[in-house]
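J.: I need the structure of the sequence given here:
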Amino acid sequence: MASKRRNQVSIVSDILNVCVNGATKAKIVHQANLNFSTVYPYLINLINKGLVEEIAENSKIMYKTTLKGLEFKKKIEQTRTVMDEINSCV
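T.: Next up, the predicted model:
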């Protein structure tokens, strides 16, 4: 059985979804099905691009999807919908 690896867009989308209401790194790792060494570079890049913000909350670091991140997430979802429609016709 061939393994099906997710592409970067899917991983970014998963992270943005988990962070909508705020999430710890552990929650992101668990819910996005990643590991700690994989999630770190994604979080850094998402923060640097303004798609996720890092918030200190009750002695924990939380990650929250920004307005820009929500807009980007919506574009990803729209693109997936169109691609699914295209693929269903092939």
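J.: For I11, give its distance to K25.
T.: Distance, I11 to K25, by C-beta to C-beta, to the nearest Å: 15 Å. No exception for glycine: its C-beta is placed from N, CA and C like everyone else's.
J.: I should have written Q78 there, sorry.
T.: Q78 sits 28 Å away from K25 when distances are taken as C-beta to C-beta.
J.: Looking at these two, which one has more neighbours?
T.: Taking other C-beta atoms under 10 Å, Q78 and K25 do not tie; K25 has more neighbours (17 against 10).
J.: contacting residues around the nearest residue to the more buried one once chain neighbours are set aside?
T.: Leaving aside its chain neighbours, K25 sits nearest to V39 (6.5 Å; criterion: C-beta to C-beta, 6 or more residues apart in numbering). Shown in contact with V39 (C-beta atoms under 8 Å, 6 or more residues apart in numbering): I15, K25, I28, V29, A32.
J.: Swap in 10 Å and give it another go.
T.: The neighbourhood of V39, defined by C-beta atoms under 10 Å, 6 or more residues apart in numbering, consists of I11, I15, V18, K25, A26, I28, V29, A32, Y63.
J.: What strand or helix carries the fifth one?
T.: Under the assignment given by DSSP states H and E, the secondary-structure element containing A26 is helix 25-31.
J.: hey, where'd the strands end up in this protein?
T.: 52-57, 60-65 (DSSP state E).
J.: Give me the angle between the last one and strand 52-57.
T.: Same thing as strand 60-65. 150 degrees (axes from the mean of the first three to the mean of the last three C-alpha atoms, to 10 degrees).
J.: Kindly export strand 60-65 (C-alpha atoms) in PDB.
T.: Provided in PDB are the C-alpha atoms of strand 60-65 (Å, rounded to 0.1, in the frame of the first residue of the first chain):
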ATOM      1  CA  LYS A  60       1.700  29.400  27.900                       C
ATOM      2  CA  ILE A  61       2.500  30.300  24.300                       C
ATOM      3  CA  MET A  62      -0.600  30.200  22.100                       C
ATOM      4  CA  TYR A  63      -0.800  30.400  18.400                       C
ATOM      5  CA  LYS A  64      -3.800  32.100  16.800                       C
ATOM      6  CA  THR A  65      -4.800  32.500  13.100                       C
END
